[in-house]
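Enquirer: I'll drop the sequence and a predicted model, then ask my questions.
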Amino acid sequence: MQKNLAITFYNRGLRSYIEVDLCRQCPRQDDKGCCGYYSPVFYPTDFAYLLQHRPSLIDEIFALPHITVLDSSVTLNQIIDGDGYRCPFHTQESGCLLSQDLRETICRHFVCPGINWQCEATLAHWKDFFDQLFQYEIDLNNRLAITLKEKGLSLRNLAQRPAYFKELQIVFPQLTRPAPHFFANYPQQETVLLTRAITSGKDWPL
């Protein structure tokens, strides 16, 4: 079945994201879509943002069951959902409980491969943008993790977490100013209409 869909690209610097209207009626028809196949990982750049905009969410993350805590990252392992799994921040009633800006990188950038927007020549500029952003964020998270580790701080140590987050608020601005030039070279938002052949159920690739 051919279907028209809208994909919107948002340039919000480190918190940039992609939105697809098809997600509201996910072709997988299993009430969780991609949220049933990925365990979100929060890194220093995510924590730096949450400290500024919703610090209480950090406590919620660490209070979740079945998380994996490393020196500078926290993985939210999937929870059992019937005969499968789902992300702990996903509900059947309303989807993801987090707004786009609060989600970690993959959850902000992921678009199911059935849409394959990267093949569109007219969207090559956005592919370049998100490729650059993805690499910048990896490099930045690595630099932040190394800096904090050199200061003897680790998220694994419960007693050190307040000091870790306090130091993160100091070093994050130091390592992110000035912002990369490519942020300023793209519009803040662009919506494009695409037509795709949609299959239902497990035939729709994730």
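Expert: Here it is on my side, so go on.
Enquirer: Buried ones in the lengthiest helix in the chain, by neighbour count?
Expert: Ranked by residue count, the top helix of the chain under DSSP state H comes out as helix 124-150. Within helix 124-150, the residues scored as buried using 16 or more other CB atoms under 10 Å are 126, 129-130, 132-133, 136-137, 140-141, 144-145, 147-148. From N, CA and C alone the C-beta is placed, and that goes for glycine too.
Enquirer: and it, what does it pack onto?
Expert: With contacts defined as 3 or more CB pairs under 8 Å, 6 or more residues apart in numbering; DSSP states H and E, the packing partners of helix 124-150 are helix 44-53, helix 105-109, helix 161-176.
Enquirer: got the angle between it and helix 161-176?
Expert: Helix 124-150 runs at 130 degrees relative to helix 161-176, counting by axes from the mean of the first three to the mean of the last three CA atoms, to 10 degrees.
Enquirer: okay, the angle between helix 124-150 and helix 44-53?
Expert: 90 degrees.
Enquirer: tell me the pLDDT at the residue lying closest to residue 72 once chain neighbours are set aside?
Expert: Nearest-residue entry for residue 72: residue 145, 3.7 Å, with adjacent residues in sequence omitted and distances by CB to CB, 6 or more residues apart in numbering. Predicted confidence (pLDDT) for residue 145: 98.
Enquirer: and what of residue 178?
Expert: In this model, residue 178 is scored at 94, pLDDT.
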